[in-house]
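**Q** Following is a predicted model, sequence given first.
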Number of protein chains: 2
Amino acid sequence: MFDPLLKKLQHYTDLGKKEVSVLCSAPEKTRQFDKGEHIISEGENPVVVHMMVEGWACRCKMLSDGREQIMGYLIKGDMCDLHVTLLSHMDHSIRTLTSATVAMIPQESIEQIFEDYPRLARALSWSMTVDEAITRHWILNVGLRSAEARVAHLFCEMLLRFQTAGLTSDNTIDMPLTQTNMGEALGLTPVHINRVLQRLRQKNLITLAHKKLVVLDLEGLKEVAEFDDAYLHIR
Amino acid sequence: MFDPLLKKLQHYTDLGKKEVSVLCSAPEKTRQFDKGEHIISEGENPVVVHMMVEGWACRCKMLSDGREQIMGYLIKGDMCDLHVTLLSHMDHSIRTLTSATVAMIPQESIEQIFEDYPRLARALSWSMTVDEAITRHWILNVGLRSAEARVAHLFCEMLLRFQTAGLTSDNTIDMPLTQTNMGEALGLTPVHINRVLQRLRQKNLITLAHKKLVVLDLEGLKEVAEFDDAYLHIR
DNA sequence: CGCGTTTTTGACTTATATCAACTGTAGTGG
DNA sequence: CCACTACAGTTGATATAAGTCAAAAACGCG
């Protein structure tokens, strides 16, 4: 269950057996969510930390008129709200994009880790810092790049994140996002996403069907995306 | 020198005298920068932590073709790179937008604080977490809002951040940004920023001249911006 | 005063949005 | 196994917000 998170943390440091076992025994229980359910809602102050075990979710925020922005995708091994101990309320919601399994870790266990296992604590802080870097680079993506580059960039990022978490060895990943989901993240309409996808397919850069994304030409895709993986801080 | 940072941290917790003095004695020295200089460049691994004492700076990243995105503004009291102890290299640059004074805090002093002063350490972690929330909401701003709402939102945010740091008591703030600077942050061209500013002025929401921004009608501006201050986590 | 930078203006272009219809597909139940 | 439904993807026609280019005006500083 903790394999993707552990693989990810390995890019910062090697953890000892004790640390691994502490982390793996931290979750109290596991919860199932249907597609479209909220794991946590804006304004809430959760008392557990959630970790994605299966499925996709997103950080999102809705405006009063119903339009919604996705501010980040969460996949296996990603922590939803490691910051609960610091912030009094959620300033955004977390919603599943597929049916999903989520591990619930009591806040006290996290606090214990931060007190007693400094190296593990630093590794978790590191992953929060990397998440922040990812967030920052989404601004760049949405603010500066063309529609085609944005979609290509998202695909590059997700592929690398899957690889980092040991979730794929070839250039294929599960991609259960609808074109509407992608649009909400990239600031584009679903119609336009559709047209951009067709162009990426025509250029033989990707294949996307039946919720599977195959990156046929990673170098070519990176070029379209102007992608530089430094911000993912992969060792 | 540390007043704005201390004022900011007060929104998380009250610090003791000892903690305040530890923080205030942390900087080794101070450095002057001209407008447009890099405080830290992408790829570097700084050994000191920088704190803005005077002037404005920005987190930014340039693409190969020369276009640049600003991913965040830094004002008095903001830490530029509190994460140096965690990340091996900067994934973006920090550049001054005005002439600026920056305090340099040795990495060891930061590490000492994180070891020996848990409450102060938590307060600094809190401010990093708030910075991340601000970053996340910039995605929303650039991805979802109209040009007019984006500019209005930026002004609301900066006003609140100035107030939080005790840098203004009325609705006036120093705003040394050029229209080009604003465009780089908001994903808009300077020409379009100019036209949007004129509309905001016509609606009697703001005044902006001689590098001074006056918010004449904060409620009205918030409405145009669809601004909700929850993400700033002000107590 | 003069020079570089910033702001402003106008004419024109373009990427992306909007709207609306049609097609395909996966899942459900009879 | 087929009919039915709901949702996701696709297509085309048209609209619009924001971009581009270029020049003029205003500002600010040595």
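**A** On my side now, so go ahead. Not measured: the values here are computed from a predicted model.

**Q** for chain A, what spans make up the strands?
**A** A:29-33, A:38-40, A:48-54, A:57-62, A:68-74, A:93-96, A:100-106, A:172-174, A:206-209, A:212-215 (DSSP state E).

**Q** Compare those and give me the one nearest DNA strand C.
**A** strand A:206-209 (8.1 Å; C-beta to the nearest atom of the strand). Using the backbone N, CA and C atoms, a C-beta is placed for each residue, glycine as well.

**Q** from the chain's centre, how far out does the closest one sit?
**A** Strand A:206-209 sits 20 Å away from the centroid of its parent chain (C-alpha atoms, centre = their mean, to the nearest Å).

**Q** ok, back up a step: can I get the strands of chain A in CSV including distance to residue A:164, mean neighbour count and mean pLDDT?
**A** Converted to CSV, the strands of chain A look like this (distance: least, C-beta to C-beta, whole Å; neighbours: other C-beta atoms under 10 Å in any protein chain shown; pLDDT from 0 to 100):
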stretch, distance to residue A:164, mean neighbour count, mean pLDDT
strand A:29-33, 23, 14, 94
strand A:38-40, 22, 19, 96
strand A:48-54, 14, 22, 96
strand A:57-62, 18, 22, 97
strand A:68-74, 14, 22, 98
strand A:93-96, 21, 22, 97
strand A:100-106, 19, 20, 96
strand A:172-174, 12, 17, 96
strand A:206-209, 19, 16, 96
strand A:212-215, 15, 18, 96
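
**Q** ok, what's across the strand from residue A:72?
**A** residue A:59 (DSSP bridges).

**Q** what's the distance between it and residue A:132?
**A** 10 Å (C-beta to C-beta, to the nearest Å).

**Q** Redo the strands of chain A as CSV? Include distance to residue B:100.
**A** Converted to CSV, the strands of chain A look like this (distance: least, C-beta to C-beta, whole Å):
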stretch, distance to residue B:100
strand A:29-33, 47
strand A:38-40, 39
strand A:48-54, 38
strand A:57-62, 32
strand A:68-74, 30
strand A:93-96, 37
strand A:100-106, 42
strand A:172-174, 43
strand A:206-209, 44
strand A:212-215, 42
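
**Q** With respect to DNA strand D, which of the ones you listed lies nearest?
**A** Per C-beta to the nearest atom of the strand, nearest to DNA strand D of the strands of chain A: strand A:206-209, 7.8 Å.

**Q** So what are the sheet partners of the closest one and their directions?
**A** Short version: by DSSP bridges, strand A:206-209 pairs with strand A:212-215 (antiparallel).

**Q** Might you report the residue contacts of residue A:35?
**A** A:96, A:97, A:98, A:99, A:100 (C-beta atoms under 8 Å, 6 or more residues apart in numbering or on different chains).

**Q** now do 10 Å
**A** With contacts defined as C-beta atoms under 10 Å, 6 or more residues apart in numbering or on different chains, residue A:35 is in contact with A:55, A:56, A:95, A:96, A:97, A:98, A:99, A:100, A:176.

**Q** Mark out where each domain of chain A begins and ends.
**A** With domains defined by automatic domain parsing, chain A comprises A:3-119, A:145-232.

**Q** quick check, the last one touching DNA strand C?
**A** In this case it means domain A:145-232. Yes: judged by C-beta under 7 Å from any atom of the strand, domain A:145-232 comes into contact with DNA strand C through A:146, A:147, A:148, A:187, A:188, A:189, A:191, A:192, A:210.

**Q** what number of residues lie near the first one?
**A** Which is residue A:146. 11 (other C-beta atoms under 10 Å in any protein chain shown).

**Q** out of the contacts of residue A:35, what pair is the most spread apart?
**A** For these, the farthest-apart pair by C-beta to C-beta is A:95 and A:176; their separation is 13.4 Å.

**Q** quick one: contacts for the closest residue to residue A:44 other than its chain neighbours?
**A** Leaving aside its sequence neighbours, residue A:44 sits nearest to residue A:90 (C-beta to C-beta, 6 or more residues apart in numbering or on different chains; 5.3 Å). Taking C-beta under 10 Å, 6+ apart, we find residue A:90 in contact with A:40-46, A:59, A:61, A:80-81, A:83-84, B:133, B:230-231.

**Q** same deal with residue A:52?
**A** Contacts of residue A:52 by C-beta under 10 Å, 6+ apart are A:4-5, A:39, A:73-80, A:94, A:96, A:100-103.

**Q** With residue A:86 instead?
**A** By C-beta under 10 Å, 6+ apart, residue A:86 lies in contact with B:12, B:122, B:123, B:125, B:126, B:127, B:128, B:129, B:130, B:233.

**Q** ok, back up a step: quick one, which of the domains of chain A is nearest to residue B:167?
**A** Of these, nearest to residue B:167 by C-beta to C-beta is domain A:3-119, at 22.5 Å.
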